[in-house]
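1. coordinates only, no sequence provided:
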Ligand SMILES: O=C(CO)[C@H](O)[C@H](O)COP(=O)(O)O
Ligand SMILES: [Fe+2]
């Protein structure tokens with residue numbers, strides 16, 4: 001299993017002060033910057049694109065950036081995110097006509113590739129592309145908005161994904177996204193997640209370090 005990583009979703013940050021917000025959350029102990037890209041087509045919301053990712057790199061952010069693409073079609077924008085400095089690029093299989101090709105595009109550009117599964121999307125496609133994924137992201141809310149409630153059925157799906165990863169023998173991150181907080185992170189880790197996206201739970205509090213420290217204390221109870 002990969003080391004635990006906390007990935008604040010900047011969807012809930014103050015966009016008017018984005019560079020400073022990312023600096024602050026990294027200084028508070030975050031490992032990965034989760035970057036939600038929404039197109040008002042695949043999901044009913046519109047957020048930020050490759051120019052903002054590139055701006056964060058130019059501003060001096062060196063931490064891994066995890067671009068979660070909620071964009072359809074996805075292939076056209078993959079190259080732009082590679083150029084913009086994304087470290088991980090994940091997409092939803094429903095948003096690609098050719099999942100294997102999209103994964104290859106990401107890897108050919110030198111980024112790590114991942115697939116994202118909505119709460120009602122089965123994991124079946126993984127069987128055919130396990131050798132090409134570096135990350136599996138399970139949505140524990142329907143995509144499009146921050147601040148939603150964790151869907152408990154995702155815990156069984158995490159166990160299912162963990163078994164697939166372990167059987168593959170590959171180093172694949174198992175990320176969870178949606179409604180993660182200090183109260184439920186331990187149960188989510190025990191079900192097999194190693195990478196935890198949290199937006200509102202972190203950015204809606206005044207002290208980011210206090211929240212991240214509390215999350216790490218919970219995680220230490222699962223794996224010290
Ligand atoms: O992909 C997302 C929504 O589509 C966000 O990453 C997610 O919702 C994080 O926000 P929160 O932690 O507030 O649920
Ligand atoms: Fe996300």
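-> That came through fine. Predicted, not measured: the structure shown is a model, and the values here were computed from it. Ligands and ions are numbered 1, 2, ... in the order given.

2. alpha carbons only for contacts and neighbour counts from here, please
-> Will do.

3. helix or strand for residue 159, which one?
-> helix 154-168 (DSSP states H and E).

4. so for that helix, mean pLDDT?
-> Across helix 154-168, pLDDT averages out at 98.

5. who does that helix touch, helix- and strand-wise?
-> Other helices and strands packing on helix 154-168, by 3 or more CA pairs under 8 Å, 6 or more residues apart in numbering; DSSP states H and E, are strand 135-139.

6. okay, the angle between the strand it packs on and helix 154-168?
-> Interaxial angle of strand 135-139 relative to helix 154-168 (axes from the mean of the first three to the mean of the last three CA atoms, to 10 degrees): 170 degrees.

7. can you tell me what sits against strand 135-139?
-> Residues from elsewhere that reach strand 135-139 (CA atoms under 8 Å, 6 or more residues apart in numbering): 90, 112-119, 154, 157-158, 161, 172-178.

8. just those residues that are near ligand 1?
-> With CA under 6 Å from any ligand atom as the criterion, the subset of the contacts of strand 135-139 in contact with ligand 1 comprises 177-178.

9. in helices, which of the contacts of strand 135-139 appear?
-> 154, 157-158, 161 (DSSP state H).

10. most neighbours among those residues, which one?
-> Neighbour count (other CA atoms under 10 Å) singles out residue 158 as the most crowded of the ones in helices among the contacts of strand 135-139, with 24 neighbours.

11. and that residue, how far from residue 201?
-> Using CA to CA, to the nearest Å, one gets 21 Å for the distance from residue 158 to residue 201.

12. cool, and residue 82?
-> As for residue 82, its distance to residue 201 is 29 Å (criterion: CA to CA).

13. between the two, who's got more neighbours?
-> The residue with more neighbours, out of residue 82 and residue 201 and counting by other CA under 10 Å, is residue 82; that gives 24 against 21.

14. so that one makes contact with residue 111?
-> Yes. At 6.6 Å, residue 82 counts as touching residue 111 under the criterion of CA atoms under 8 Å.
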